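>>> Got a predicted model here, sequence first, then my questions.
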Amino acid sequence: MGSMEDKKLTSFQESLLVLAALSNQIEWALKAMVPKDRIEDKDLKFTISNHIQILLCSFLDERKRLEALGCDDKIRATLKMASPALDRIRRWRGLRKLRSTLLAHGHRTREGAFVWPSKVFGNHPIPTAYAEIILLGNCALLAVRVVLTQHQSDYQEAVQQLSNLKKDIEDEGIRTVGEIKEELNKIKAEILKITESYINLISMEKSLDD
């Protein structure tokens with residue numbers, strides 16, 4: 001009999017792990033938005049709301065993969081149980097358009113054409129209210145919770161396999177505020193040096209023209 005490391009995850013177990021990971025990220029984002037001392041921080045709300053909408057699209061993508069595996073009676077029953085939460089998210093049919101243009105791809109289509117925000121929001125149903133996005137995030141959490149609860153044995157086996165293969169990820173890059181300031185000062189100095197050289201060059205060219 002092969003070891004746990006030799007066993008491969010099933011497609012269903014892969015989806016369970018992905019959904020669990022997305023659920024964690026959405027939960028962390030929601031926690032960052034909800035505290036009373038952050039309610040009035042519009043910049044924070046805008047940034048995290050955008051992140052949650054990207055995660056919601058990833059959740060919908062993975063849910064679609066799960067639906068493709070729904071030939072099993074138990075999986076079909078699970079999908080049915082979670083459908084009210086999913087339907088609430090899918091009501092916003094413009095989420096993917098928002099993700100694929102303004103949020104994840106820098107105001108560009110896949111072909112590279114510039115995208116006007118007014119056209120995206122004007123032509124597609126997209127949530128913009130803070131409370132609505134919090135609701136949708138919680139709907140995703142509910143849907144994932146139903147799936148993981150109904151398939152605990154598959155999920156726990158997948159988690160065990162993942163933990164057996166888990167490797168510590170070392171920190172890369174600078175780690176302190178002091179280092180940030182030091183690196184920024186170096187970069188600013190380099191920019192200033194390059195800028196001054198261009199200014200001097202332009203001045204020389206003008207003097208020659210005169």
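Perfect, I can see it now.

>>> just checking, Leu142 touches Leu86?
No: counting by Cβ atoms under 8 Å, Leu142 stays clear of Leu86, with 9.2 Å between them. C-betas here are computed from N, CA, C, even on glycine.

>>> Who has more neighbours out of those two?
Neighbour tally, Leu142 and Leu86, criterion other Cβ atoms under 10 Å: the higher count belongs to Leu86, 19 against 16.

>>> And for the closest residue in space to that one that isn't next to it in sequence, the neighbour number?
Counting by Cβ to Cβ, 6 or more residues apart in numbering, Ala143 is the residue found nearest to Leu86 once chain neighbours are left out, at 5.4 Å. Applying other Cβ under 10 Å, we find 26 residues neighbouring Ala143.

>>> Also Gly137?
Other residues close to Gly137 by other Cβ under 10 Å number 26.

>>> give the contact list for it.
Gly137 sits next to Ile26, Ala29, Leu30, Ile52, Leu55, Leu56 when contact means Cβ atoms under 8 Å, 6 or more residues apart in numbering.

>>> Give me the pLDDT for it.
pLDDT, Gly137: 97.

>>> hey, where'd the helices end up in the protein?
Applying DSSP state H to the chain gives helices spanning 11-33, 42-68, 73-90, 95-98, 117-123, 130-150, 152-165, 177-209.

>>> do you know which of the ones you listed lies nearest His107?
Of all those, it is helix 117-123 that lies closest to His107, at 7.4 Å by Cβ to Cβ.

>>> CA atoms only for the closest one, dumped as PDB, please.
The C-alpha coordinates for helix 117-123 follow below in PDB (Å, rounded to 0.1, in the frame of the first residue of the first chain):
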ATOM      1  CA  PRO A 117     -15.400  52.500 -15.900                       C
ATOM      2  CA  SER A 118     -18.700  54.200 -16.800                       C
ATOM      3  CA  LYS A 119     -19.300  51.600 -19.500                       C
ATOM      4  CA  VAL A 120     -18.600  48.700 -17.200                       C
ATOM      5  CA  PHE A 121     -20.900  50.000 -14.400                       C
ATOM      6  CA  GLY A 122     -23.400  51.400 -16.800                       C
ATOM      7  CA  ASN A 123     -24.000  48.300 -18.800                       C
END
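
>>> who touches it?
Here helix 117-123 has contacts from Gly94, Lys97, Leu98, Thr101, Leu102, His107, Ile126, Thr128, using Cβ under 8 Å, 6+ apart.

>>> of those, closest to Gln160?
Leu98 (37.0 Å).

>>> so can I have CSV of the helices of the chain showing distance to Glu111?
Listed next are the helices of the chain as CSV, based on distance: least, Cβ to Cβ, whole Å:
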stretch, distance to Glu111
helix 11-33, 28
helix 42-68, 19
helix 73-90, 26
helix 95-98, 14
helix 117-123, 15
helix 130-150, 29
helix 152-165, 37
helix 177-209, 33
